[in-house]
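[1] Turn this into a model:
(2 chains)
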Amino acid sequence: MDLWPKGNARTHAAADPESEDFSDLVRAHHRDLLVYASALTRDPATARDLVQEAFIVAYRKREVFDVTRDFATWMRGIVRNKWREWLRKNRRYDLGDHELARMDADVAAWQSSLAQGGHSLFDALEDCLGRLPGTLRETVETYYYEGRTGDETAAHLRIAPAAVRKRLQRARTLLKQCLDSKQGEPEAPENA
Amino acid sequence: MKPEPSPYDPESASERWIDAALSEHARLGRDGADEELVLRILSETVHQRPVVPPAPRFARDWKTAIGAAAAAVALGFFAMSSFRVGSSGERRSGELSFVVRVEAPEAVGKSPVALMTGTTHRIDFDVEAGSVFARSHESVRITADRSGTSSGGMLYEGHVLVECDAFRIEAASVLLPSRGKEPRLLADGVRVVRSTPACVAEAEHLSFDPVSGHLVLTGVTRVETDKGLLASFDPGDRLVLSGGGFSVENARVGRY
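    Numbers count the residues shown, from 1 in each chain, chains lettered A, B, ... in the order given. All right, here's what the predicted structure looks like:
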């Protein structure tokens, strides 16, 4: 009996189909779940721990998983529960129910889009980054992709820290709008 | 996303999500996977060996969970810490933890028990008071159901787990050779998990050279990496795993 829905990426034949399916699911979903967990916790190491724990819980509860349900939704629920457990010990980055629901909807929309053959989140993000105005893009690249702190970014770009804050905020808002507009778009064929 | 709160942090939930996406995209790239995380998950799920219930005899004999022992080899000696006694409800396993400092050859030349000389490292070794093996500046942990001395050295048996930064080795038995013998960790019935680059290998025998950090596997049954599965090996093939990759040395000699 198939206990798992089929993952997006089958890499090789394995002796144990159930294990193989679960491995595929880990590979297919861990990145979106990492983004989700990182947004919840605001701590990359904790986010990875939560995603790991969530997959372990899912594997141990595989007998009760309803294969007619959406695996990504189920996993987000487990990550969310793990995050709430973590929050009980660390309340620095709490989110209200409304904000949590909005974030959950964002992630769900992208997972649904990908499942229907649309862009992955990171595909779309790269495209949207290319559409940012130059000053915003260089600020994002310096802060996120070169790994500088906000103050280092300000010094590097020779602008005030307040300007960095404003640019990052503006860039994130534009990226969100761009990503929203790209949801459901079919993925462009390679070399097109 | 930065781990510590800062005035540059996003404010709304949507901004937080974009912030997280940018951070993970910067870390993983467009199509990259977090191989370390994937391997951590798989090693705790589909690659985890089933837990065998303890036999009653050992439940009586092994009430102890053996605690940490630290071995410092800097000046030619090492010290082990004391055993720690656990409750009978805990997993009946012995656990020894060694932290070994490996010095440059000239410094270890003063050591009275120096046994092995590598090109850059030298390791002191004494199994009369315990057992030590290490790669340079690496912490190694051994967990087993039981341990004892044999003619060959210190023998660990039953769900043996050897953990260090680069590898995790599960084995039916592990032998740490006694003084005067070639200082290599030997194991039978092994399964090796390497996190980066991701690799899982199963074999009948393993030899670990602490100086080179190479694992040599023979009687290999399967090797799984992120690129796929290899399961066709000749009995004499040797699989050499190192920190950066692996190679298969074929023992078959052709006639030309």
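
[2] Doesn't residue A:78 lie inside a helix?
    Yes. Assignment of residue A:78 by DSSP: H, G, I helix; E, B strand; the rest coil places it within a helix.

[3] residues near it, how many?
    19 (other C-beta atoms under 10 Å in any protein chain shown). The C-beta positions use only the backbone N, C-alpha and C, and glycine is treated the same way.

[4] Backbone dihedrals for the closest residue to it other than its chain neighbours, both of them.
    Using C-beta to C-beta, 6 or more residues apart in numbering or on different chains and skipping the chain neighbours, the partner closest in space to residue A:78 is residue A:54 (4.2 Å). Residue A:54 adopts backbone torsions of phi -60, psi -40, taken as degrees, to the nearest 10.

[5] Need the pLDDT of the residue lying farthest from the centre of chain A.
    Distance to the chain centre peaks in chain A at residue A:158, reaching 31.6 Å (criterion: C-alpha atoms, centre = their mean). Residue A:158 is assigned a pLDDT of 94 by the prediction.

[6] next helix or strand past the helix or strand containing residue B:200?
    Using DSSP states H and E, residue B:200 sits within strand B:199-209. Counting by DSSP H and E, the next helix or strand C-terminal to strand B:199-209 is strand B:214-225.

[7] partner strands of the helix or strand just after that next one, parallel or antiparallel?
    Per DSSP H and E, the first helix or strand lying C-terminal to strand B:214-225 is strand B:228-230. With DSSP bridges as the test, strand B:228-230 is paired with strand B:214-225 (antiparallel).

[8] and the angle for the strand it pairs with with strand B:199-209?
    170 degrees (axes from the mean of the first three to the mean of the last three C-alpha atoms, to 10 degrees).

[9] Please tell me I have it right and residue B:47 contacts residue B:199.
    No. Using C-beta atoms under 8 Å, residue B:47 is not in contact with residue B:199, being 11.4 Å away.

[10] which residues are in contact with both of these two?
    Residues touching both residue B:47 and residue B:199 by C-beta atoms under 8 Å, 6 or more residues apart in numbering or on different chains: residue B:193.

[11] and the two? which has more neighbours close in?
    A direct count of neighbours by other C-beta under 10 Å for residue B:47 and residue B:199 places residue B:199 higher, at 21 against 18.

[12] which residues sit in contact with the more buried one?
    B:192, B:193, B:223, B:224, B:225, B:241, B:246.

[13] Tabulate those in CSV, adding columns for pLDDT and neighbour count.
    CSV is the format used below for those (pLDDT from 0 to 100; neighbours: other C-beta atoms under 10 Å in any protein chain shown):
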residue, pLDDT, neighbour count
B:192, 89, 24
B:193, 87, 19
B:223, 85, 21
B:224, 84, 21
B:225, 80, 18
B:241, 81, 23
B:246, 73, 19
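
[14] of all those, which comes closest to residue A:139?
    Of all the contacts of residue B:199, residue B:225 has the smallest distance to residue A:139: 38.5 Å, by C-beta to C-beta.

[15] which ones are touching the closest one?
    Applying C-beta under 8 Å, 6+ apart, we find residue B:225 in contact with B:197, B:198, B:199, B:200.

[16] go on, residue B:238?
    Neighbours of residue B:238 in contact, by C-beta under 8 Å, 6+ apart: B:216, B:217, B:218, B:220, B:248, B:249, B:251.

[17] For it, name its beta-bridge partners.
    Residue B:238 has the following beta-bridge partners by DSSP bridges: residue B:218, residue B:249.

[18] In CSV, list the C-alpha atoms belonging to stretch A:68-83.
    Only the C-alpha atoms of stretch A:68-83 are listed here, as CSV (Å, rounded to 0.1, in the frame of the first residue of the first chain):
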residue,chain,number,x,y,z
THR,A,68,-6.2,12.1,0.1
ARG,A,69,-5.0,15.1,2.1
ASP,A,70,-2.4,17.5,0.9
PHE,A,71,1.0,16.6,2.2
ALA,A,72,2.4,20.1,2.2
THR,A,73,-0.5,21.3,4.2
TRP,A,74,-0.1,18.5,6.7
MET,A,75,3.6,19.3,7.1
ARG,A,76,3.0,23.0,7.6
GLY,A,77,0.6,22.1,10.4
ILE,A,78,3.3,20.0,12.1
VAL,A,79,5.9,22.8,11.6
ARG,A,80,3.4,25.3,13.1
ASN,A,81,2.8,23.1,16.1
LYS,A,82,6.6,22.6,16.6
TRP,A,83,7.0,26.4,16.3
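
[19] Let me see the residues that make contact with that stretch.
    Residues outside stretch A:68-83 that contact it (C-beta under 8 Å, 6+ apart): A:4-5, A:25, A:29, A:32-33, A:36-37, A:40-41, A:50-51, A:53-55, A:57-58, A:65, A:100, A:104, A:107-108, A:111, A:115.

[20] Check stretch A:99-114 too.
    Contacts with stretch A:99-114, where a contact means C-beta under 8 Å, 6+ apart, come from A:8, A:29, A:32, A:35-36, A:39-40, A:72-73, A:76, A:80, A:95, A:119-121, A:124, A:179, A:183-185, B:12-14, B:16-17.

[21] What parts of the stretch 151-256 of chain B come near chain A?
    Counting by C-beta under 8 Å from any C-beta of the partner chain, the stretch 151-256 of chain B comes close to chain A at B:224, B:226, B:227, B:228, B:229.

[22] is it true that the first one touches residue B:200?
    Yes. In this structure, residue B:224 is within contact of residue B:200 by C-beta under 8 Å, at 4.6 Å.

[23] buried sites along the lengthiest helix in chain B?
    Ranked by residue count and defined by DSSP state H, the top helix of chain B is helix B:13-28. Within helix B:13-28, the residues that qualify as buried by neighbour count (16 or more other C-beta atoms under 10 Å in any protein chain shown) are B:13-28.

[24] Also stretch A:143-152?
    A:143, A:144, A:148, A:150.

[25] Straight-line length of that stretch, end to end?
    One end of stretch A:143-152 to the other measures 8 Å (C-alpha to C-alpha, to the nearest Å).

[26] what's it in contact with?
    Contacts of stretch A:143-152 (C-beta under 8 Å, 6+ apart): A:142, A:153, A:156, A:161, A:164-165, A:168, B:2, B:6-8, B:22-23, B:25-26.

[27] Of these, which one scores lowest on pLDDT?
    Least confident entry in these, by pLDDT: residue B:2, with 53.

[28] So which residues of the chain form helices?
    Picking chain A for this. According to DSSP H, chain A carries its helices in the segments A:17-41, A:44-60, A:71-89, A:97-115, A:121-131, A:134-140, A:150-157, A:161-182.

[29] please go with chain B instead
    All helices of chain B, identified by DSSP H, fall at B:13-28, B:35-44, B:56-61, B:105-108.
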